[in-house]
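K.L.:
below is the sequence, then the predicted model.
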Amino acid sequence: MFINTIRHYLKNSSHVGFIAALADEKIGKTLSRIHESPSHNWNVERLAQVAGMSRSAFSGRFNHLVGLSPMHYLSRWRMTQAHQLFQTGNHSVTQVAALSGYQSEAAFAKAFKRQFGYGPGVARKNRPPNQTETGS
């Protein structure tokens, strides 16, 4: 009953924000695809195709609901996932760059530093102690 109440509320309101974006059939579908496959070679045209919309209509609606452009959201999601990989695994910067959809480690490092204010090497070295390799 609670979920139905939330759905009714979102359908019958002009709210914006992440929950409203998820509730939107077209933008929610696109967000799901981004979250499922962040390393995919996404661009606005491909994301608009997922939503079944024109590029301009998609970009406007996405930006209105999410508060970010589609590509800015994608970049932030990739960086969030990359940071999590550094904190929970023993991946190299090159591996995380590839898993994050970057073909160039340098481009990845630049985007990571822009997002967090420090480079991926710092994030990798500063993972919690119980996640570090033994004997290094």
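P.N.:
It's in.
K.L.:
for stretch 87-104, measure first residue to last.
P.N.:
This stretch, stretch 87-104, spans 21 Å end to end (C-alpha to C-alpha, to the nearest Å).
K.L.:
gap between it and the chain center?
P.N.:
14 Å (C-alpha atoms, centre = their mean, to the nearest Å).
K.L.:
which parts of it are buried?
P.N.:
91, 93, 96-102 (16 or more other C-beta atoms under 10 Å). C-betas here are computed from N, CA, C, even on glycine.
K.L.:
can I get those in CSV with pLDDT and secondary structure?
P.N.:
Listed next are the buried residues of stretch 87-104 as CSV, based on pLDDT from 0 to 100; DSSP: H, G, I helix; E, B strand; the rest coil:
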residue, pLDDT, secondary structure
H91, 90, coil
V93, 94, helix
V96, 95, helix
A97, 95, helix
A98, 93, helix
L99, 92, helix
S100, 92, coil
G101, 91, coil
Y102, 92, coil
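K.L.:
which of those sits closest to R55?
P.N.:
Proximity of these to R55 (C-beta to C-beta) peaks at G101, which lies at 19.6 Å.
K.L.:
low-confidence stretches in the chain?
P.N.:
Counting by pLDDT under 70, the chain contains low-confidence residues at 1-16, 128-136.
K.L.:
please repeat the previous calculation with a cut-off of 50.
P.N.:
Applying pLDDT under 50 to the chain picks out residues 131-136.
K.L.:
need the residues that contact the longest helix anywhere in the chain.
P.N.:
With secondary structure taken from DSSP state H, the chain has its longest helix at helix 70-88. Helix 70-88 has contacts (C-beta atoms under 8 Å, 6 or more residues apart in numbering) with 30, 34-35, 38-39, 42-44, 47, 58-59, 62-63, 66, 68, 91, 96-97, 99-102, 108, 111-112, 115-116, 120, 123-124, 127-128, 131.
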